[in-house]
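K.L.:
Turn this into a model:
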Amino acid sequence: MSLRHRLVRPANWLRRRLRASEAAFVVLAIGIGGAAGALSVVQGAIARTLQHWFFALPGTSRLSAQPGLSLGTLIVLPIGGAVLALFTLATRARRRAMVDTVEANALHGGRMGIADSFVISGQTILSNGFGASVGLEAAYAQLGGAVASMTGGLLNLRRPDLRNLVGAGAGAAIAAAFGAPLAGAFYAFEIVIGAYTPSAIAPIAAATLSAVLVSQTLGAHPYVVEAASGAATETHHYIAYAALGATCAGIGIALMRSVASLEQGVRRLRIPDWARPAIGGALLVPIALISPQVLSAGHGALHNDLMACTSIRFIAMIFICKCLASIVSLGFGFRGGLFFASLFLGTLAGTLFATALTAVAGYQIIDPHNAAIVGMAALGVAVIGGPMTMAMLVLEATHDFGLTGAAIAASLVSSTIVRELFGYSFSTWRLHLRGETIKSARDVGWVKTLTAGRMMRGETRETPTTTTIAEFRRRFPLGSASKVVLIDGKTHYAGIVRTPDAYGEALDPAACVASVAVNTDAALKPDMDIKQVMTAFDASGADELAVLAADRTVLGVLSETYVRRRYAEELEKAQRELFGER
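P.N.:
Numbering: from 1, shown residues only. Coordinates of the predicted model:
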């Protein structure tokens, strides 16, 4: 027996076991979770090592926890921007759109490129390592999802299983970073998979627990928000926390729009791609001179501000400066996300909100410390999404069920307002700016692949517009064809003739058949997806439409009845895969 057969046979056996056995899939998820946890530890260690080298940090302290940095030290920021530009140029990252975990699960059935994922990870580590105001969570989730995608691809997993495995890998990476398996599990469901699927509960839970165990075994210090809750949360406090959730929703929307506006403005200035991060780094220097708390993701700063009795004026200043630093970092091309930055800003917003409420009422209505924790969850939901993800993060940080309930209430208010007024999380908003229409990781890839070109019937009966009605009747007797496509002298589309319409008694047999043509202007493009096709049918009121090439030559014909039947079939199939048995 050849070596090829010796390898193929056990691989095929493993594929069958994974498809048939939920227990086998859970075991696979445990392995993926462990790998994702280890990769998170490695990425975090590299970024922290770079920060310690470049900023000469003492001991195990964090960059954002430093009391101050000199101008000579902060020159690292523009240098880091230049290094990032060189890395991007060397990997040719600007020449292609790289797929992240959300896009992979929404549009590509969980398929991700491992090489592109390492590039994204490298860009994020360099950005964070040189002090830009971005977090590493995007890199963690990217490599966790990529390892799961690559493994699932090698095992030829079914589409829903691959999506669940990618969610497990990404969620496990986040769980390892925060030491919070529940938060990581809900991150997988809400952010990466886009739905709570019964078949995914066991593997995702196993993966996140495995990741946390591996990270702890490797001696990693997770980003646990070390916070003890303040005064007990009472029922009437929920009204104030709901208002805090609404406030955080507005802050989140403004933050996301500001990043996009600055990116567009920088492009309009025609600044070369290679120069943008260096310029952004230079712009960060005066902000960082005010306080190093604006640098990196803000883990050290968040811990210091929660534990210390910081003045309100200082908190307000840091809030404004951190917003500016994050906007500048992302707007000028540094790679990373707003995950932890939104948590940090949320704690500041919550403290400011509670203080303002006290000043207006004349007495303390809600505890500022509790408001900081609730604000953390509410602003995190506004930017990242996932109300239960943030609620579980609060629970695992405080072990206070009453405060967790308040965090859920504020998060739901924040989430509802953002969906109503904005409609996107930060990751899907950036995809929207690229031209995608997805608003979550829910699987809509089948919608994108089911195009007019794939569904059309290629055989069409084409007739010149100059054909007379008498000749048309001779060539197409009643019952021979339901409709005929007309073309002009240049073989361009000129409309559709429904065969019975050409047999009207009042028609002049010598007249051109073009006089009874319909839908002369309404037509479909071959790359239109099924939802766009149905919208076109609704707008035209037609029963059938032609599919045209760019030069208006006819490629085929598509009927509304067939399109709607295909949509119903594919939707039922997707729902069956989502909620059905393995």
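
K.L.:
List the contacts of residue 134.
P.N.:
Counting by CB atoms under 8 Å, 6 or more residues apart in numbering, residue 134 makes contact with 124, 127-128, 296-297, 326, 329-330, 334-338, 341. In this view, the C-beta of every residue, glycine as well, is placed from N, C-alpha and C.

K.L.:
Identify the residue spatially nearest to it, adjacent ones excluded.
P.N.:
Among residues not flanking residue 134 along the chain, residue 336 sits closest, at 2.5 Å (CB to CB, 6 or more residues apart in numbering).

K.L.:
returning to what we had before: of all the contacts of residue 134, the one with the weakest confidence?
P.N.:
When the contacts of residue 134 are compared by pLDDT, residue 337 scores lowest at 84.

K.L.:
which residues does the closest residue to that residue other than its chain neighbours contact?
P.N.:
For residue 337, ignoring the flanking residues on the chain, the nearest one in space by CB to CB, 6+ apart is residue 138 at 3.9 Å. By CB under 8 Å, 6+ apart, residue 138 lies in contact with 100, 120, 124, 335, 336, 337, 339.

K.L.:
Excluding chain neighbours, what is closest to the third one?
P.N.:
Leaving out its chain neighbours, the residue that sits closest to residue 124 by CB to CB, 6+ apart is residue 139, at 3.8 Å.

K.L.:
tell me the pLDDT at the one you found?
P.N.:
93.

K.L.:
And it, how far from residue 90?
P.N.:
18 Å (CB to CB, to the nearest Å).

K.L.:
So between those two, which is more surrounded?
P.N.:
Set residue 139 next to residue 90 and count neighbours by other CB atoms under 10 Å: residue 139 wins out with 31 against 10.

K.L.:
The more buried one in helix, strand or coil?
P.N.:
Following DSSP: H, G, I helix; E, B strand; the rest coil, residue 139 is assigned to helix.

K.L.:
can you give me the strands for the stretch 201-350 of the chain?
P.N.:
Applying DSSP state E, counting those that start in this stretch to the stretch 201-350 of the chain gives no strands.

K.L.:
brain fart, the chain
P.N.:
Counting by DSSP state E, the chain has these strands, from start to end: 462-464, 483-487, 493-498, 544-548, 554-559.

K.L.:
Turn those into TSV, including distance to residue 382 and mean pLDDT.
P.N.:
Converted to TSV, the strands of the chain look like this (distance: least, CB to CB, whole Å; pLDDT from 0 to 100):
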stretch	distance to residue 382	mean pLDDT
strand 462-464	55	85
strand 483-487	51	87
strand 493-498	48	88
strand 544-548	41	88
strand 554-559	41	87
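
K.L.:
CSV please, covering those strands and showing mean neighbour count.
P.N.:
Formatted as CSV, those follow (neighbours: other CB atoms under 10 Å):
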stretch, mean neighbour count
strand 462-464, 16
strand 483-487, 22
strand 493-498, 23
strand 544-548, 23
strand 554-559, 20
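
K.L.:
can you tell which of these is closest to residue 531?
P.N.:
Residue 531 lies closest, by CB to CB, to one member of the strands of the chain: strand 554-559, at 13.8 Å.

K.L.:
Quick one: low-confidence residue ranges for the stretch 1-150 of the chain.
P.N.:
In the predicted model of the stretch 1-150 of the chain, residues 1-20, 93-97 satisfy pLDDT under 70.

K.L.:
averaged over its residues, what pLDDT does stretch 356-374 have?
P.N.:
pLDDT averaged over stretch 356-374 gives 90.

K.L.:
ah, wrong one, I meant stretch 568-582
P.N.:
For stretch 568-582, the per-residue pLDDT averages 62.

K.L.:
follow-up on the earlier one: can you put the contacts of residue 134 in TSV and add distance to residue 187 and neighbour count?
P.N.:
Below are the contacts of residue 134 laid out as TSV (distance: CB to CB, whole Å; neighbours: other CB atoms under 10 Å):
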residue	distance to residue 187	neighbour count
124	17	27
127	21	32
128	19	32
296	21	32
297	16	28
326	20	29
329	23	33
330	21	28
334	23	28
335	20	25
336	17	27
337	12	26
338	14	30
341	16	30
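
K.L.:
Now render those residues as CSV, adding distance to residue 472.
P.N.:
Below are these laid out as CSV (distance: CB to CB, whole Å):
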residue, distance to residue 472
124, 65
127, 67
128, 70
296, 74
297, 71
326, 67
329, 67
330, 62
334, 65
335, 62
336, 65
337, 62
338, 63
341, 68
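
K.L.:
What is the burial count for the nearest residue to residue 152 once chain neighbours are set aside?
P.N.:
In space, and not counting its chain neighbours, residue 152 is closest to residue 162: 4.2 Å by CB to CB, 6+ apart. Here the number of neighbours of residue 162 (other CB under 10 Å) works out to 24.

K.L.:
Quick check: residue 162 vs residue 468, distance?
P.N.:
According to CB to CB, residue 162 stands 58 Å off from residue 468.

K.L.:
rewinding a little: was I right to think the residue nearest to residue 134 contacts residue 127?
P.N.:
Yes - under the criterion of CB atoms under 8 Å, residue 336 makes contact with residue 127 at 5.0 Å.

K.L.:
Next, the residue nearest to residue 134: phi, psi?
P.N.:
Backbone torsions of residue 336, given as degrees, to the nearest 10, read phi 160, psi -170.

K.L.:
Next, the contact list for it, please.
P.N.:
Residue 336 makes contact with 124, 127, 128, 132, 134, 135, 136, 138, 139, 297, 329, 330, according to CB under 8 Å, 6+ apart.

K.L.:
Would you check that my belief about residue 376 contacting residue 398 is correct?
P.N.:
No - proximity of residue 376 to residue 398 does not meet the contact threshold set by CB under 8 Å, at 10.5 Å.

K.L.:
of these two, who's got more company?
P.N.:
The neighbour comparison of residue 376 against residue 398 (other CB under 10 Å) goes to residue 376, with 30 against 21.

K.L.:
ok now do the more buried one, which residues does it touch?
P.N.:
225, 343, 344, 346, 347, 350, 390, 394.

K.L.:
Ok, residue 78 next?
P.N.:
Contact analysis of residue 78 by CB under 8 Å, 6+ apart lists 278, 279, 281, 282, 285.

K.L.:
will you turn the strands of the chain into CSV that also has distance to residue 105?
P.N.:
Below are the strands of the chain laid out as CSV (distance: least, CB to CB, whole Å):
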stretch, distance to residue 105
strand 462-464, 42
strand 483-487, 40
strand 493-498, 38
strand 544-548, 30
strand 554-559, 29
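
K.L.:
which stretch among those strands comes nearest residue 272?
P.N.:
strand 544-548 (39.5 Å).

K.L.:
for the closest one, packing partners?
P.N.:
strand 493-498, strand 554-559 (3 or more CB pairs under 8 Å, 6 or more residues apart in numbering; DSSP states H and E).

K.L.:
As CSV, these with distance to residue 113 would be great.
P.N.:
Output for the helices and strands packed on strand 544-548, formatted as CSV (distance: least, CB to CB, whole Å):
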stretch, distance to residue 113
strand 493-498, 39
strand 554-559, 31
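
K.L.:
of all the ones you listed, which lies closest to residue 291?
P.N.:
Distance to residue 291, taken as CB to CB, is lowest for strand 554-559 among the helices and strands packed on strand 544-548, at 60.6 Å.

K.L.:
buried sites along stretch 470-484?
P.N.:
471, 472, 473, 476, 483, 484 (16 or more other CB atoms under 10 Å).

K.L.:
before we move on, the earlier item: out of the strands of the chain, which gets nearest to residue 205?
P.N.:
Closest approach to residue 205 among the strands of the chain is made by strand 554-559 (44.5 Å; CB to CB).
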